[in-house]
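1. pasting the sequence and the predicted model now:
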Amino acid sequence: MVLQNVDILGTESPVDIRVCNGKIADISPASANGKIGHLSLSFNNAIAFPGLINSHDHLDFNLFPALGGKVFSNYTEWGKHIHEAYKDEIAAITKIPAALRYQWGVYKNLLCGVTTVVNHGEKTGLTNTPITVFEETHCLHSVQFEKQWKVKLNNPAKKSLAVNMHVGEGTDALSSKEIDKLIKFNILKRILIGVHGVAMSGAQAEHFEAIVWCPETNFFLLNKTAPVNVLSKHTEILFGTDSTLTGNWNIWEQLRLARNTGMLSDEGLFATLNHNPATVWKLNCGDIATGKDADLVVAKKTTGENSYEAFFGLNPLDILLVTHKGEISLFDEELLPQLLDVDLTGFSRIFIGECCKYVKGDLPALLKQIRFHQPNLKFPVTINETIEA
């Protein structure tokens, strides 16, 4: 497969990206000779970038509406409040089988151009997903909510795995102290990946391999977010969306919120979605370079420039193509005339607003299964028929 005439963010001239055996095989100046290769997809005024890496999501929590309604001092206050104030809402969603909720969480990410999502929680058991569900970490919830967290943290059988844990999610002294407690009791000196870190100082950040920044969730719960402008001087910063319990389903809205804080440069914020997490999670993606996994997104430019302004202005509507390990996982109807010789069995047709997309897998059937349990659930997509063989 060759992606023709795309602009890579920050470059001056369009290129062709050749994909072979799931990897990027070659990047060359755009050809003026028409179709090249077995499958060539030609673009006009389009930007290409590495598939986004979402480093924190609870995949089974993405059917929830946002729950909270006020500002809290820490996550334990929020947790207690929602279980008292929203019992019926929580019961309605949790009665939907977890497997269905996980699958929707995957599609929520795919529709936004995410090609790798780090799931926080129990392993999903999902197979043959259209994006990578990364679960090669030791997930502990938090100091307050994880039972016997000290024993689990110091389990020698899991020493080789990085510990992925909520920490410092609050604005009070308790939130800062729990970070110190986690550092103190990390007796085996395991690799720590902290999530949220709102109460974290630069000195505390030195003990973490990375911090996952989830700004919309932080502002929703706490009206404050992690000081990533400070923390980034001491550790790597990764980007996470959390779930729709506390954030927008659309990662691009969350990225614009992050950008508006001014805490990271555009280049620094961009790196939280690709280079940084690929390094921390040890993934062979996160860059458009020869030999990397062909996890790629091509999108319409939102401006005439090949710039960060164009990138951060994107929305799911603008995405033209998503490839995962060299296979198409999503494409816009605009590309359909170029795919007439491709077997599209197993893809399904959906709409985001009036914009038609095709996704790998039977998303309409999934939404129908979910609505069997909760008929009134609203989704950011509408459905149409599965493509016939």
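-> The structure has been received and is ready for your questions. Residues are numbered from 1 along each chain as shown.
2. and the helices in the stretch 251-389 of the chain?
-> With DSSP state H, counting those that start in this stretch as the criterion, the stretch 251-389 of the chain has helices at 251-261, 266-271, 275-280, 308-312, 363-373.
3. for the fourth one, what is the average pLDDT?
-> If I follow you right, that is helix 308-312. The average pLDDT for helix 308-312 rounds to 94.
4. same check on the last one?
-> Throughout helix 363-373, pLDDT has a mean value of 97.
5. then that helix to CSV, C-alphas only?
-> Extracted C-alpha coordinates of helix 363-373, given in CSV (Å, rounded to 0.1, in the frame of the first residue of the first chain):
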residue,chain,number,x,y,z
LEU,A,363,-20.0,-1.5,14.8
PRO,A,364,-23.8,-1.3,14.0
ALA,A,365,-24.3,-4.7,15.5
LEU,A,366,-22.3,-3.7,18.6
LEU,A,367,-24.5,-0.6,19.1
LYS,A,368,-27.6,-2.7,18.7
GLN,A,369,-26.4,-5.2,21.3
ILE,A,370,-25.7,-2.4,23.7
ARG,A,371,-29.1,-0.8,23.1
PHE,A,372,-30.7,-4.1,23.8
HIS,A,373,-29.6,-3.6,27.4
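6. pLDDT score for the closest residue to V359 other than its chain neighbours?
-> Nearest non-adjacent residue to V359, counting by C-beta to C-beta, 6 or more residues apart in numbering: L330, 5.0 Å away. To be clear about C-beta, it is placed using only N, CA and C from the backbone, and glycine gets the same treatment. With respect to pLDDT, L330 scores 98.
7. give me the neighbour count for the residue nearest to F312 when sequence neighbours are not counted.
-> Excluding the flanking residues, the one nearest F312 by C-beta to C-beta, 6+ apart is R259, at 5.5 Å. Other residues lying near R259 total 19 when counted by other C-beta atoms under 10 Å.
8. H120 is in contact with D60, isn't it?
-> No. Look at H120 against D60 with C-beta atoms under 8 Å: they stay out of range, at 10.1 Å.
9. for the closest residue to N248 other than its chain neighbours, give me its contacts.
-> Among residues not flanking N248 along the chain, Q254 sits closest, at 5.8 Å (C-beta to C-beta, 6+ apart). Neighbouring residues of Q254 by C-beta atoms under 8 Å, 6 or more residues apart in numbering: 215-216, 241, 247-248.
10. quick revisit: tell me which of the helices of the stretch 251-389 of the chain lies nearest to S42.
-> Minimum separation from S42 across those (C-beta to C-beta) falls at helix 308-312, 19.3 Å.
11. now do the buried residues in the closest one.
-> 308, 310-312 (16 or more other C-beta atoms under 10 Å).
12. return the closest of those with respect to A289.
-> Closest to A289, out of all of those and judged by C-beta to C-beta, is F311, at 17.8 Å.
13. can you give me the neighbour number for the nearest residue to L231 once chain neighbours are set aside?
-> Take L231 and drop its neighbours on the chain: the residue closest to it by C-beta to C-beta, 6+ apart is A205, 4.5 Å away. Counted by other C-beta under 10 Å, the residues lying close to A205 total 25.
14. name the residues of stretch 145-164 that are buried.
-> Within stretch 145-164, the residues that qualify as buried are 149, 153-154, 162-164, counting by 16+ other C-beta under 10 Å.
15. sitting in strands, which of those do you find?
-> Residues of the buried residues of stretch 145-164 located in strands (DSSP state E): 163-164.
16. now distance to V195 too, for the buried residues of stretch 145-164, in CSV please.
-> Output for the buried residues of stretch 145-164, formatted as CSV (distance: C-beta to C-beta, whole Å):
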residue, distance to V195
W149, 14
L153, 15
N154, 20
A162, 12
V163, 11
N164, 7
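17. picking up where we left off before, isn't the residue nearest to F312 up against D266?
-> Yes. Using C-beta under 8 Å, R259 is in contact with D266, at 7.0 Å.
18. what do these two both touch?
-> F312.
19. what is the least confident helix or strand in the protein?
-> Taking mean pLDDT, DSSP states H and E as the measure, the chain has strand 382-386 as its least confident helix or strand, at a mean of 68.
20. shaky segments in the stretch 1-150 of the chain?
-> The stretch 1-150 of the chain contains residues with pLDDT under 70 at 32-37.
21. now the helices: where do they sit in it?
-> Using DSSP H, counting those that start in this stretch, the helices found in the stretch 1-150 of the chain span residues 75-85, 87-94, 98-111, 149-153.
22. need the contact list for the spatially most central residue of the chain.
-> For the chain, the residue nearest the mean C-alpha position is N54 (2.5 Å; C-alpha atoms, centre = their mean). The contact partners of N54, by C-beta under 8 Å, 6+ apart, come to 109, 114, 116-118, 239-241, 251, 273.
23. beta partners for it?
-> Beta-bridge pairing of N54 under DSSP bridges involves V117.
24. how much space between it and Q204?
-> Counting by C-beta to C-beta, to the nearest Å, the separation of N54 from Q204 is 24 Å.
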